[in-house]
Each structure stands twice: as C-alpha cells, then as structure tokens.
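Asker: just need the structure, nothing else, for what follows:
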Amino acid sequence: MISPVSLRSFDRGSTRGRLAHLFDDTGAIVPLERLREEAIRHALKVTGGNILHAARQLGVGRATFYRLMKRYGIPVDR
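Answerer: Residues are numbered from 1 along each chain as shown. Now for the predicted structure:
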C-alpha cells in the first residue's frame, strides 16, 4: 500500500506529456471510466481505426474492445 508520504513525493515529471493535464494541481480527479474511454479513443486514432491493433496496444482482447466501444458509444467504422 502506498503511504501518504509516497503520494506527496510523486514525481510529476514522470507523467507523460499528453496526460499531464489530467493530473494537474487543480485537485480535480478524473474518473477511471473517463480515462478508459479516452484511452480507447486515442488508441483508435493512433491506429487509424484498426480495432485489432488498438486492442492489442491496450492489452485487451478484441471482443472486450468491441464491448467497451459499445459502452462508450464509439461507432464501429467498417
């Protein structure tokens, strides 16, 4: 378990540039579901809509990826 001291000493410099705005000092907490949805949308964008490749990049199965797309209302472009 991470102690509060460990949390306070977290090096923000290690947060990747594109995600830095999600973890800024405003105190706003981003729900995990929102992070998951954004990860799926980003993976699809980066892979040019290739669902199998996007699923592999995120470490989930194709069927799971399709279910998540349906959950978040992400259209399947065929």
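Asker: ok now stretch 66-73, how far from the chain's centre?
Answerer: In terms of CA atoms, centre = their mean, to the nearest Å, the centre of stretch 66-73 is found 14 Å from the chain centre.
Asker: ok, and what's touching that stretch?
Answerer: For stretch 66-73, contacts defined as CB atoms under 8 Å, 6 or more residues apart in numbering pick out Arg36, Glu37, Ile40, Arg41, Ile51, Val60, Ile74, Pro75, Val76. Backbone N, C-alpha and C define where each C-beta goes, glycine included.
Asker: over to stretch 28-38?
Answerer: Outside stretch 28-38, the residues that reach it (CB under 8 Å, 6+ apart) are Leu22, Phe23, Leu68, Tyr72, Ile74.
Asker: pLDDT and secondary structure added to these, as TSV?
Answerer: Formatted as TSV, the contacts of stretch 28-38 follow (pLDDT from 0 to 100; DSSP: H, G, I helix; E, B strand; the rest coil):
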residue	pLDDT	secondary structure
Leu22	67	helix
Phe23	72	helix
Leu68	97	helix
Tyr72	96	coil
Ile74	96	coil
